[in-house]
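Peer 1: Quick check, what structure comes out for this input:
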Amino acid sequence: MKLNCKAVLEATLGILPALIMLTGCTTQPPATEVQPAAQVQPAFKSVISINDVMVSVVDHNAHMLWNVGRPGRAPKNDQDWHNLEHAADTLAAAGNMILIGGSGPNDAAWVRDPDWQMYTQQMTDAALEATRAVDQKNVEALLSAGDSLVAACEGCHAKFKKEIPAHIAGPSEQPEHYGHE
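Peer 2: Numbering: from 1, shown residues only. Model prediction:
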């Protein structure tokens, strides 16, 4: 039997597109392709108490905003405004941090309380108000945001933590709160 090479080539070329299409429709990855491991979100674990977040994050950054009202402490340059923006943004983010609880003995009960949630939202709103004031470099609006922040903090402390605070940061821990008059 004599093979007609031209006929075999034409037949093969006619089948080739169909084979390519069929292999492209497979749902299985090629054996040589490595599939990534499933992404697993680690479980949230409270590692510090709400009180610690309040002292080291909230109190520290709130004082940065409140100090604007002290004589000679209004922002004078872009770096001052940048520092205030950082403080306001950090306070806004801290609102979510203290809504999820912590490792303190009262933390789980606090975060379930609707008043805690309300005061936390007020703190976050005041921080966002401060962020807008900083964006506009508006000292009066920043002072107003600071007043809103004071109201949220005092209301929350009146209900949840009358002994304000368990730890008071001194000059060595937060020198920006002291002197500079």
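Peer 1: Would you state the helices of this structure in chain order?
Peer 2: Along the chain, the segments classed as helices by DSSP state H run 5-24, 50-53, 60-66, 78-99, 107-112, 114-135, 139-160.
Peer 1: Pretty sure residue 145 sits against residue 129.
Peer 2: Yes - here residue 145 lies in contact with residue 129, judged by CB atoms under 8 Å, at a distance of 3.9 Å. For glycine as for every other residue, the C-beta is placed from the backbone atoms N, C-alpha and C.
Peer 1: So between those two, which is more surrounded?
Peer 2: Neighbours per residue, other CB atoms under 10 Å: of residue 145 and residue 129, the larger number sits with residue 145, 25 against 20.
Peer 1: Now do that one against residue 93, distance only.
Peer 2: Residue 145 sits 16 Å away from residue 93, going by CB to CB, to the nearest Å.
Peer 1: again with residue 75
Peer 2: Counting by CB to CB, the gap from residue 75 to residue 93 is 21 Å.
Peer 1: With neighbour numbers in mind, choose between these two.
Peer 2: For residue 75 versus residue 93, neighbours defined as other CB under 10 Å are more numerous around residue 75 (17 against 13).
Peer 1: Could I get the pLDDT score of that one?
Peer 2: Reading off the confidence values, residue 75 has pLDDT 96.
Peer 1: just checking, it touches residue 137?
Peer 2: Yes - using CB under 8 Å, residue 75 is in contact with residue 137, at 7.4 Å.
Peer 1: so what sits against both of those two?
Peer 2: The contact sets of residue 75 and residue 137 overlap at residue 81 (CB atoms under 8 Å, 6 or more residues apart in numbering).
Peer 1: Return the most buried member of the helices of the chain.
Peer 2: helix 60-66 (a mean of 21; mean count of other CB atoms under 10 Å).
Peer 1: List the contacts of residue 114.
Peer 2: Contacts of residue 114 by CB under 8 Å, 6+ apart: none found.
Peer 1: Any figure for the gap between it and residue 93?
Peer 2: Taking CB to CB, one finds residue 114 at 22 Å from residue 93.
Peer 1: Same check on residue 73?
Peer 2: 24 Å.
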